[in-house]
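Q: prediction below, plus the sequence it came from.
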Amino acid sequence: LAEHRVGALIAIEREIGTRSVQETGIKLDVPLIPELLSSIFYPHTPLHDGGVIIAGNRMMAAGCVFPLSQDVELHKTYGTRHRAAVGLSEETDAVVIVVSEETGAMSVCYRGRLSGGLDGEQLRSFLSDLLLKQAHTMWRRAQEELDLTPEGIAKSEKMAGNEDGQ
């Protein structure tokens, strides 16, 4: 998209849901396929001006209207697509990728902070670090909740046996 200066706005949902934003667009709930994602943003197609929401490995909705940031400084420097990226990242923990239609420059926005002028490798690195960290945190929480220690497993087995009347 950046190479061909095709503007894009892509949000990767994390822990805070984006259902209300998804409802502003067209529901998809389809596998994340690069060619489909590219075709959504192709100029003059019905959904190209809105944003796409990705959850896991699925595109949940396209043509979504993201909330605009009210940061006055952004109005002077960036266009609507960038202000929408910042706005969504201020309201959720989504990671938002922006490709400028005018310059082809890639930016990423997270927690209300916009980092611009990224190349493909920098974007991949940022997303890998953040999303792998998220996966590790979720796995650790699941282990804590399930208590996967030998003692915890023994306790669970004992409780399951008691529920069956043993």
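A: Structure received. Residues are numbered from 1 along each chain as shown.

Q: skipping adjacent residues, who's closest to Glu23 in space?
A: Ala61 (7.7 Å; C-beta to C-beta, 6 or more residues apart in numbering). Backbone N, C-alpha and C define where each C-beta goes, glycine included.

Q: doesn't that neighbour belong to a strand?
A: Yes - assessed with DSSP: H, G, I helix; E, B strand; the rest coil, Ala61 lies in a strand.

Q: what about it, how many neighbours?
A: 24 (other C-beta atoms under 10 Å).

Q: repeat for Thr24
A: 16.

Q: check Glu90 too.
A: Number of residues near Glu90 (other C-beta under 10 Å) recorded here: 16.

Q: before we move on, which element is it in?
A: helix 80-91 (DSSP states H and E).

Q: ok, residues contacting that helix?
A: Residues from elsewhere that reach helix 80-91 (C-beta atoms under 8 Å, 6 or more residues apart in numbering): 7, 9, 11, 18, 21, 51, 65-71, 74-75, 78, 94-98, 100-101, 107, 109-114.

Q: just stretch 19-39 next, same as before
A: 1, 6, 10-11, 45, 47, 50-54, 57-67, 88, 92.
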